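Q: Could you work out the structure for the sequence below:
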Amino acid sequence: MQCNSTVWLAAGFLAVVSALGSQEASDDESGFSVPAVIARRISGEYRELDDGRRRLESELADLARPPRNERSPRLGWKVFGYDDALPVRQWVEIDLGGEHRIDSVVLIPVDAPTASGNEPGIGFPVRFRIEGVDEAGASTTIFDCSNADFPNPGSLPVLHPAGGLVARRIRVTMSKPWAKDRYLAYALGEIMVLNGNRNLATGLRGVTVRSSGSLERGLAWGRDNMIDGQSVVGAPLAKSDRPLAHGWESSRFSAASSVAWVQIDLGSVQTIDEVRLIPARLLEYGDAHGYGFPARFRAEVSNDPEMGGARVLADWSARQRGDPGFNPLTLPGDRQPGRYLRVTAEELWERQVGVYVFALCELQVYWGDNNVALDAPVNANSVTPPLPANFNPAFLTDGLRGTQKFIEWPEWIASLSRRREVLSELERVRVSMATLQPALIRTTAWSGGGMIGALILGTLAVFYRARRIQARTVLALQRRIAGDLHDEIGSNLASIAMLAELSQQQKASPPAQDVEDIRRLATESAAAMRDIVWLIQPGPHDATRLADRLRAAARRLVGGIEWNFQILGLDEAPSLDVQRHLLLALKEMLHNVLRHAGAHRVEIRLAVREGKFVLEVRDDGRGGAEAQTGDSHGITGLRHRAELLGGTLDLESYPGQGTRVALNGSLVALPKPSTSLK
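A: Predicted structure coming up:
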C-alpha cells in the first residue's frame, strides 16, 4: 500500500512539473520560477549571472546612499515641447571665465514634481555629447553617447572623467530628448566641473551659462540654476560614530529685522577660494528648507577681529537669496588673504510665529583642496542658551551634520555615480536571469522526471530488498523458535513420557520423586511455552515489557532463594532476536546457579549504555573450578551467545566465594545467524 502511494505521488508531481515545463510563457506570466539553489546546479550561465548579482549587491551595500528631500526650490534648467514643437538638437555651455584643469564633469538630473507625482530623471537627455573647449576654441570630447541611448539615471549623478583636460568652457550637446507620451523635454539640475575637491562651476567668480533655449520661470527653472549648487545630491556626507550635532544657533528674537552674526577665526591669514554655508537640518521644522537659514545676509572677510577694513565676499542684504534647502550654498572667494570670516543675517528665519533665529549647520572655507575652517574658533554677537545641547558654537566648524560627517565632492559624487552604474548592471543581470527561467523550467521538468523515475525505481528496490531481508529475518527467527521448542519443551516432554513409562512398568504407585520430577518438568515446559508465545505474539515489545519478562523469568527460576534484579539504562527495546538471546541467556545462568551453586542469594544486573549491555549474575554459592568448566553447565552455550551478540562472556568463581557470570554484547546490531545454537 505504501509503495502504491509513493508511485502515485511521484507520478502526480512529475505531471505537474512537466506541464509547467511545457509552457512557453515567461516567468512573470506563469508565476513559477526555478529556485536559485536548483537553477545554479543545472545551468552554468545562471550560476555565473547569480555570482555577478551577489557581487553587485555586496558592492551596493558599501556605496553612498542618495540623500532624501535634498531638493531646493531651484530645480534646474529645462526646455520642453509637445510632438514636433521641441527642436531635437539643444545645447548648454558653462564658461569658467578662463582655462582650468578639469578632473571630471558631472551631470545631475532633475527630480521634479509633475501631474503624476515626482519624476526622478525627468528631461535627462537620452543621447548627448560632452566637450571641453579651450581659449583658442579647440574642442575635446569628454564623453559621447550620440549614437546610443543612455539609461535614465533617476536621481543619481552621472560622472564623466576628463583626465585633467585644460578647458575654459564645458559644452553639453543633446540630440534625443526624454519623452513621456507627447511630452518631450531636456532638463538638468546641475552641471558640476570638478577640480580636486572643488566644484569650479560654483566656486569661481564670473562663471556664466549659455543655452540654445531655456524655460525661465521664477526660482524653479532657469539656466543659472545649473551652477547654483542646488540639486538632489545634497551635501557630501558619510557615516560617523560621533554624537548628534546640529550646528550653531543664535538667540531668539521677536523681529525678523534683528541683526545676528557669527564669525570664525582661521588662526592665520589664509587665501580664500570659496566659502560654503551649509543649512541645519531639523526635519520637525520642515523637510524642504534649512532650519534658521537667513533670507537676507552678507559675508565679509577681514584681518581684524572687529572686521575693520572688511571685504565683502557676497551681499544678499538688499534682496532675498532664496532658501537653499539642505544643499551647501557656495560663495566664490576673491583669492585674497584674510583671517576672520563673518556672516551677518539681516533678515532672520521665522522659527515660529513671532520668534526668529539665525542658524547654520557648518561654515567651510576652502583654500585650494582644504577646508581651513575645520575646528576653527567661533564667536557670535548672540548665542542661544545651552539648551538644546546639540546646538553649540563649536559645532559650526566640527565637520558634522546630525550624526554624519562631511566628506569631499569627488568621493561623494563618485560613490553615487557608481551606485547608479551598479543598479543599472544589477537590473540587467536580473532581467537576464529572468529570461533563463523558461529554459530552466523545461530542464528541471526533464531532470525532475528522470530523478523521480530513478527515485521510484530506487524506492521499489529498497522496498523489495527490505521485504527480502524481513523474510530472511522471520525465517531465521522461526528456525530458532523451532529449536527452542525442540530443546526445551521437546526434551521436557520426552522426560515426562519416560518417567510415566517407568512407573507403568513397575506396576505400583510411582515414587514421590518421579511425581515431583514430572511436575517440575511440566511447569518448566509451560513457562518456556509462555516465553516463546510472548516473543512471537503481535503487539508492542518495548523496554518496559522486556524488563517485566526478565524479572518474571528470574522470579520463577530462583524459587525460594533470596534475589535482587537491577536494570539500568534500558530505555529502548532491542530487536526480538536480541530480546530472545537475553531471556535465554538469563535462564541458562540461573539454571546453573540452581543446579550447581548451592547459593543462598543471587544478584542480577542488566546495564545498558550507548547500545552496549552487560548481563551479570552473581551468587554466594560454593564456587570453585567446577563452575568454570563443562558443557553440562551451559558455559559453552553462553560463550556462543556472546559471540553472536558481538561480545564476550566473563566468568569468575572461587571456592567458598561464589560465582560471577557476565555476558556483554551489542543491542544495536542484529545477532549473526547460527545453525549451531538454537
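Q: Quick one: the helices in the chain, in order.
A: Ranges of helices within the chain are 2-22, 27-30, 36-42, 44-62, 200-203, 409-435, 437-484, 491-506, 512-536, 543-558, 576-592, 635-644, based on DSSP state H.
Q: got the contact list for Arg618?
A: Val602, Glu603, Ile604, Arg605, Gly658, Thr659, Arg660, Val661 (C-beta atoms under 8 Å, 6 or more residues apart in numbering). The C-beta positions use only the backbone N, C-alpha and C, and glycine is treated the same way.
Q: what's across from it in the sheet?
A: Glu603, Arg660 (DSSP bridges).
Q: From Arg298, how far off is it?
A: In this structure, Arg618 and Arg298 are 109 Å apart, going by C-beta to C-beta, to the nearest Å.
Q: What of Ala547?
A: In terms of C-beta to C-beta, Ala547 sits 100 Å off from Arg298.
Q: Name the residue in these two with the higher neighbour count.
A: Arg298 (20 against 15; other C-beta atoms under 10 Å).
Q: quick one: pLDDT of that one?
A: Arg298 is assigned 96 on the pLDDT scale.
Q: wait, it sits on Thr344?
A: Yes: using C-beta atoms under 8 Å, Arg298 is in contact with Thr344, at 5.5 Å.
Q: For those two, list the residues in contact with both.
A: Ser317.
Q: tell me the domain boundaries of the chain?
A: 2-65+425-465, 77-227, 237-406, 542-678 (automatic domain parsing).
Q: OK, contacts around the closest residue to Asn370 other than its chain neighbours?
A: Of all residues not flanking Asn370 in the chain, Asn197 sits nearest, at 7.7 Å (C-beta to C-beta, 6 or more residues apart in numbering). Contacts for Asn197 (C-beta under 8 Å, 6+ apart) come out as Tyr366, Asp369, Asn370, Glu408, Trp409, Pro410.
Q: shouldn't Arg605 be in contact with Leu570?
A: No: in this structure, Arg605 is not within contact of Leu570 by C-beta under 8 Å, at 11.4 Å.
Q: Who has more neighbours out of these two?
A: Counted by other C-beta under 10 Å, Arg605 and Leu570 do not tie: Leu570 has more neighbours, with 19 against 15.
Q: now the more buried one: how far from Phe613?
A: For Leu570, the distance to Phe613 - C-beta to C-beta - is 8 Å.
Q: For those two, list the residues in contact with both.
A: Counting by C-beta under 8 Å, 6+ apart, the common neighbours of Leu570 and Phe613 are Leu606.
Q: where does the nearest residue to Ala607 once chain neighbours are set aside land on pLDDT?
A: Counting by C-beta to C-beta, 6+ apart, the nearest residue to Ala607 once its immediate chain neighbours are dropped is Leu568, at 4.5 Å. The model reports Leu568 with a pLDDT of 91.
Q: go on, Thr397?
A: pLDDT, Thr397: 96.
Q: do the same with Phe13
A: With respect to pLDDT, Phe13 scores 46.
Q: Output stretch 596-613 in CSV with nothing but the alpha carbons.
A: Provided in CSV are the C-alpha atoms of stretch 596-613 (Å, rounded to 0.1, in the frame of the first residue of the first chain):
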residue,chain,number,x,y,z
HIS,A,596,25.4,-26.4,40.9
ALA,A,597,26.0,-23.3,43.1
GLY,A,598,24.1,-24.2,46.3
ALA,A,599,23.6,-20.4,46.8
HIS,A,600,21.5,-18.6,49.3
ARG,A,601,21.4,-15.2,47.5
VAL,A,602,21.6,-14.1,43.8
GLU,A,603,22.3,-10.6,42.5
ILE,A,604,21.2,-10.0,38.9
ARG,A,605,22.1,-6.8,37.0
LEU,A,606,21.4,-5.6,33.4
ALA,A,607,23.2,-2.4,32.5
VAL,A,608,22.7,-0.6,29.1
ARG,A,609,24.9,2.2,27.8
GLU,A,610,25.4,3.6,24.3
GLY,A,611,24.0,0.5,22.6
LYS,A,612,26.0,-2.0,24.7
PHE,A,613,24.8,-4.2,27.5
